[in-house]
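Visitor: output the structure for:
(2 chains)
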Amino acid sequence: MADAVRESPVTTLDERPAPARPKRQRSSLAKREGRAAYLFLAPWFVGMGLITIGPILGSLYLSFTQYSLLQPPEWIGLDNFQRMLEDERLHAALRVTFTYVFVSVPLQLALALALAFFLDKGVRGLTIYRSVYYLPSLLGSSVAIAILWRQIFGTEGLINQLLALVGIQGQGWVSHPDHALSTLIVLNVWTFGSPMVIFLAGLRQIPTMYYEAADVDGASGFTKFWRITIPLLTPIIFFNLVLQIIGSFQTFTQAFIVSGGTGGPADSTLFYTLYVYQRGFGSFEMGYASALAWFLLVVIAGFTAINFLAAKRWVHYGD
Amino acid sequence: MAMRFGSVSKVAAAGMASALAVAACGGDDAGSSGNGGSEARGDQPVELRFAWWGSEGRNEITQEAIDRFEEKNPGITIRGEYIEWGGYWDRLATTTAANDAPDIMAQEERFLREYASRGALLDLSGYTDTIDFSQLDPLVMGSGEVDGGLYGIPTGVNAYAVHADPQAFADAGVHMPDDTSWTWQDYIDITTQISEATGGDVFGAQDYGGNEAGLNIFARQRGESLYTEDGELGFSAGTAAEWWENSLAMRDSGGTPSATLSAEIQDVGSPEQTLLGTNRAAMMWNWSNALEAMSKASGRDLVLLRPPGETENARTGLFLKPAMHYSISARTEHPEEAALFLDFLLNDDEAVDAIGSDRGLPVNLEQRERIAPELNEYQTIEAEFLSDIAPDVVDAPPAPPVGAGEFVDIIKRINVEVLFDRLTTQEGAERLISEVEAAIG
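Guide: Below is the predicted model of the structure:
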């Protein structure tokens, strides 16, 4: 990543020595192309400004106000942030969200890597398997799947019916405070497809000569995996880790549907974003909700920064 | 790394492209429907959105009323939007915040003050020329008033009662109780007997612990109430604790389902998903105007019972309540047309014929009398129940304060904690009081 920043392809192109005349021509051409590029990019910039940056800055202002949506915001300084210290439901939401991130992300990545590893070994019909395993990633965050999940893990759902066949008396998984979060973790782990596809692409890029050399030296399968595959895959692992952590912190749909928007049973699936939503749209506390959203931004930025700092110790970029 | 990002950005680009395509289709759609609308006669076609909560059955009869209105007023189109209770308030808050509130909406007393005091609703007292108030029941009209303005018109009158399935009682070999004198202990015993007699196939009752209106009745029987006249909390921790002790007694005796099943069905809004609606329970607490929907869902002839304990304590707890209110958004572009539609819903024969007592018995006294002989069996039961209890209703509960809309979420959440023994009944009661006090500030 750092290397990419240091020598971006654009600067190398410009610094390439060229005869004086053609260079001037090319640069005016480049200018025209540049203008065209900006023209094509304009819709994105407008969208970015209006839909993303504008509201983000707006919510920063709102986080210092009391705002009930229907009346103009009223400046209250740091009160919202002070309130966060004593808000017990917020603390419950933080516990739920951290548990979810720290349990589901490693599990999901491990499963994705394991499956990618086996698929990479030359399974027949790879494209079919790849598509099949990828499918949950597309569906996983959809409302339909969340509803299905609620049914499957319900007191009289599929899981319990299967358990009943082997004589085990199941229980309501999504409605028990001790198990509801686990069902959502399982749901997230199940959507391992997109990291798996990225792992698969990464595995394909590892030159076979390393393995051949290791074979000559008589290395075992495990040694090859541990000493060659994993180190060369660390940039990909890192990439997936960063993306999945950020994504998991922002989980909303599944929790909203499975708990019917309540974060229940007994706040056991009260994800941070769900709590933000409840404060904002349930209790008309947009100011406090904005403050909560900004705190989440800080937490995610913090974890991403830690990730990048730690990456220096364990991520190897081939060259 | 840069190269690997390349494939990601390709996917993103593809996503963008399809999003744009979808957006383009959307634009097309809007255009064609606009053309369709202009075919209607009249100087300027008006389209109004009307949102309510409720079941598929309510949708059908409301749509029927809308169709009649559109026939009479060719220039006005009403687009109905319905969703179950829980989702309704999320959606209404979101659309109101986005300045996209429906022109006409169903409101409820716990939320009416919140919306009205924040300027989201139109003061209807200025529309006496369009809406005929002369026949509307003065006993409940006051419930739509906030700070001197009229922000909601009650749709009808309602009471909270125990819906019971006589066939389930008969199947279990348990006698129907005498609801004028049954005690809370009777209620617990009866639910237990039904569950025992059916081997747990049919529960005595669905859990009631997360029910705000039921707790209100329970508190009123003890001379307390949910809120005082000054908008403060009006019940003691002891009362709420006792409420849950009864609930746990039934959970433990099997009279009501296990904690997990109760937690699971606590939030379902539609009659088709309740235990009573699926013939899995013999009783359930619900509003009297839900009798028809509940009966149709269960396929049984349900009856209404007074809550238990009406004669064992200080006083009776039953109360009458406006079923819901019709309100108009303060930001509607067509207040006159919206008011015209409200007038139709409240006063027109055809609308009252279509809707019947689904939103409570009609608030229009003339209409209430007119349709009395035509009421179907469910509505007759409901009307008789309401006139039966009327002499025993001591007083009306005070209007709920701003923030009272949160009560229901709080009590449901704590109910689950109590059902799972994560809080004792006393801790649950204290938590309930502190959280509601915070909500109503």
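Visitor: in the stretch 1-150 of chain B, where is pLDDT below threshold?
Guide: Along the stretch 1-150 of chain B, the model assigns pLDDT under 70 to residues B:1-43, B:139.
Visitor: try 80 this time
Guide: Scanning the stretch 1-150 of chain B for pLDDT under 80 picks out the ranges B:1-44, B:86, B:97, B:137-143.
Visitor: in it, what residue is nearest chain A?
Guide: Of all residues in the stretch 1-150 of chain B, residue B:118 sits closest to chain A, with a separation of 3.3 Å (CB to the nearest CB). C-betas here are computed from N, CA, C, even on glycine.
Visitor: helix/strand/coil for residue B:301?
Guide: Taken by DSSP: H, G, I helix; E, B strand; the rest coil, the conformation at residue B:301 corresponds to coil.
Visitor: tell me where the chain has strands.
Guide: Let's take chain A. When secondary structure is read from DSSP state E, chain A shows strands at A:65-66, A:74-75.
Visitor: um, chain B though
Guide: If you assign secondary structure with DSSP E, the strands in chain B sit at B:46-53, B:76-83, B:104-107, B:145-146, B:149-150, B:153-154, B:156-164, B:203-205, B:281-287, B:303-305, B:320-322, B:325-328, B:361-362.
Visitor: state the pLDDT value of the closest residue to chain A within the stretch 251-400 of chain B.
Guide: The minimum distance from the stretch 251-400 of chain B to chain A, using CB to the nearest CB, falls at residue B:260 (3.0 Å). Residue-level confidence at residue B:260 comes out at 84, pLDDT.
Visitor: list the contacts of it.
Guide: A:155, A:171, A:172, A:175, A:176 (CB atoms under 8 Å, 6 or more residues apart in numbering or on different chains).
Visitor: from those, pick the one nearest residue B:266.
Guide: When those are compared for distance to residue B:266 (CB to CB), residue A:175 comes out closest, at 8.4 Å.
Visitor: pull the number of nearby residues for the closest one.
Guide: Residue A:175 sits with 32 neighbouring residues when counted by other CB atoms under 10 Å in any protein chain shown.
Visitor: can you check residue B:438 too?
Guide: Using other CB under 10 Å as the criterion, residue B:438 is surrounded by 12 other residues.
Visitor: close to chain B: what parts of the stretch 201-319 of chain A are there?
Guide: Of all the residues in the stretch 201-319 of chain A, those in contact range of chain B (CB under 8 Å from any CB of the partner chain) are A:201-202, A:235-236, A:239, A:260-262, A:264-267, A:278, A:281-284, A:286, A:317.
Visitor: among these, which are in helices?
Guide: Among these, the residues falling in helices (DSSP state H) are A:201, A:202, A:235, A:236, A:239, A:286.
Visitor: tally of neighbours for residue 77?
Guide: No chain was given, so I picked chain A. Using other CB under 10 Å, residue A:77 has 9 other residues around it.
Visitor: should've been chain B
Guide: For residue B:77, the count of nearby residues is 18 (other CB under 10 Å).
Visitor: and the contacts of residue B:260 near chain B, which?
Guide: With CB under 8 Å from any CB as the criterion, those include A:155, A:171, A:172, A:175, A:176 near chain B.
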